[in-house]
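Asks: Please find the sequence and the predicted model below.
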Amino acid sequence: MLIDNDSEMEDLFKEIFIDEAYTIFFHEEADDVISLIKQYQPHVVILDYNLNGLNGGELCRQIKNNEEVKDVPVILCSGFPKAIYALENYGYDAFVEKPFDIDEIQDLVDEQIASRLK
């Protein structure tokens, strides 16, 4: 599941993962991220930090503090990594800086899914 306020990211992720038969659930906002996770049951959640409403870090915190969904891996993305590193750790499983390398994001998603399925 991808939550990013840039709709072009949906197309990019669909292109990146087309050969891996992943289904991408895209949302530009996620006021109730827990309900979305329960609905879609994703293997991994990718959150942009800079969202309308709650930022991706706060959404990550909600996920990690919820007993029902806390084990879903969360990858936090940002074009402003220094700001993320200066802030508290939101509990994300991985962080990737935008712009990211396509191979890097593929490997990171695959690693997070593999670690969850163990």
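Replies: That came through, no problem.
Asks: Distance of Q106 relative to I18?
Replies: 11 Å (CB to CB, to the nearest Å). All C-beta atoms are positioned from the backbone trio N, CA, C, and that covers glycine.
Asks: Show me which of the two is the more surrounded one.
Replies: Q106 (16 against 10; other CB atoms under 10 Å).
Asks: Quick check: closest non-adjacent residue to the more buried one.
Replies: I16 (6.0 Å; CB to CB, 6 or more residues apart in numbering).
Asks: can you check V69 too?
Replies: V69's closest residue in space is I37 (CB to CB, 6+ apart), at 4.6 Å.
Asks: was I right about the one you found contacting V44?
Replies: No: counting by CB atoms under 8 Å, I37 does not reach V44; the two are 10.6 Å apart.
Asks: returning to that earlier point: mind listing what the residue nearest to V69 touches?
Replies: With contact taken as CB atoms under 8 Å, 6 or more residues apart in numbering, I37 is in contact with M1, V45, I63, V69, V72.
Asks: So which residue is smack in the middle of this structure?
Replies: I46 (1.1 Å; CA atoms, centre = their mean).
Asks: Burial check on the closest residue to P73 other than its chain neighbours, number of neighbours?
Replies: Among residues not flanking P73 along the chain, Q112 sits closest, at 3.7 Å (CB to CB, 6+ apart). Other residues within reach of Q112 by the criterion other CB under 10 Å amount to 20.
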